[in-house]
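K.L.:
Build me a model from this:
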Amino acid sequence: METQERILTKAHELFLRYGIRSISMDEIANHLGISKKTIYQFYADKDTLVEDVINIEICKTKDDCVIGRTNSDNAVQEVFLAVDMVQEMLKHMNPAVMYDLEKYHARAYRKLTDHKNKFMYDVIKSNLEWGIEQELYRNDIDVDLMTRYRLASTFMMFDTESFPPSKFTSIQIITALTEHFLMGIATAKGLKLIQKYKQQRLKK
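P.N.:
Numbers count the residues shown, from 1 in each chain. Coordinates of the predicted model:
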């Protein structure tokens, strides 16, 4: 593995596990058994390294969304698979990451926000249109408004003021908010599928 790739892989692992602020360039160097000077040959500063780490997460999200659509028989199933994807991500992600990004790494946070407002917006909008076409979602919903609502509510799991980690886990929050969202837009046909996939999840 090339040196730059080793640095990026280790930084990605440490940032997600412990949060970004709590991991210094010195610690990354120590974990790799190299000097900090070596890291600075490839990354001018921590901000640049954080941006590359966020790029990894963005690319993974895009790949997962493509796989989710490909493996789904219908729009409701696609949402359940997306929640599974998020739950898997949360197993390896310290909740402090989003706070650290917003507060200390503006460029990387803007990149993530841009990804959310463009790519993720399109994914959610496409799912709503697909669900309406399949008669699983009501055809009287405002697709743009519901897309924006879904997008905003998805990121509420990182709002530690509204949902203190001492009371709620991120997985609890995303699961409950997703179910609430689906129930609000589903037709009778859609509700049957929601119950079906909920039962399947309980059996896992």
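K.L.:
going forward, measure contacts and count neighbours with C-alpha atoms only.
P.N.:
OK.
K.L.:
By residue count, tell me the biggest helix in this structure.
P.N.:
For the chain, the helix with the greatest residue count under DSSP state H is helix 46-70.
K.L.:
for that helix, packing partners?
P.N.:
In terms of contacts (3 or more Cα pairs under 8 Å, 6 or more residues apart in numbering; DSSP states H and E), helix 46-70 is packed against helix 3-18, helix 75-91, helix 106-115.
K.L.:
Can you flag the weakest of the ones you listed by average pLDDT?
P.N.:
The stretch with the lowest mean pLDDT among these is helix 75-91, which comes in at a mean of 92.
K.L.:
now the residue nearest the centre of the chain: how far from residue 51?
P.N.:
Per Cα atoms, centre = their mean, the C-alpha nearest to the average position across the chain is that of residue 86, at 5.5 Å. Between residue 86 and residue 51 the computed distance is 20 Å (Cα to Cα, to the nearest Å).
K.L.:
Please apply the same query to residue 64.
P.N.:
In this structure, residue 64 and residue 51 are 20 Å apart, going by Cα to Cα.
K.L.:
Pick out whichever of those two has more residues nearby.
P.N.:
residue 51 (19 against 16; other Cα atoms under 10 Å).
K.L.:
Surely that one and residue 106 touch.
P.N.:
No: here residue 51 does not reach residue 106: they are 9.6 Å apart, not a contact under Cα atoms under 8 Å.
K.L.:
pLDDT at residue 1, what is it?
P.N.:
65.
K.L.:
Repeat that for residue 200.
P.N.:
Confidence per residue is given as pLDDT, and for residue 200 that number is 90.
K.L.:
check contacts around residue 4.
P.N.:
By Cα atoms under 8 Å, 6 or more residues apart in numbering, the residues touching residue 4 are 39, 42.
K.L.:
one more time with 7 Å, if that's ok
P.N.:
If a contact means Cα atoms under 7 Å, 6 or more residues apart in numbering, then residue 4 has residue 42 as its contacts.
K.L.:
Can we start the residue count at 140 from this point?
P.N.:
Sounds good: first residue 140 from here, last item residue 143.
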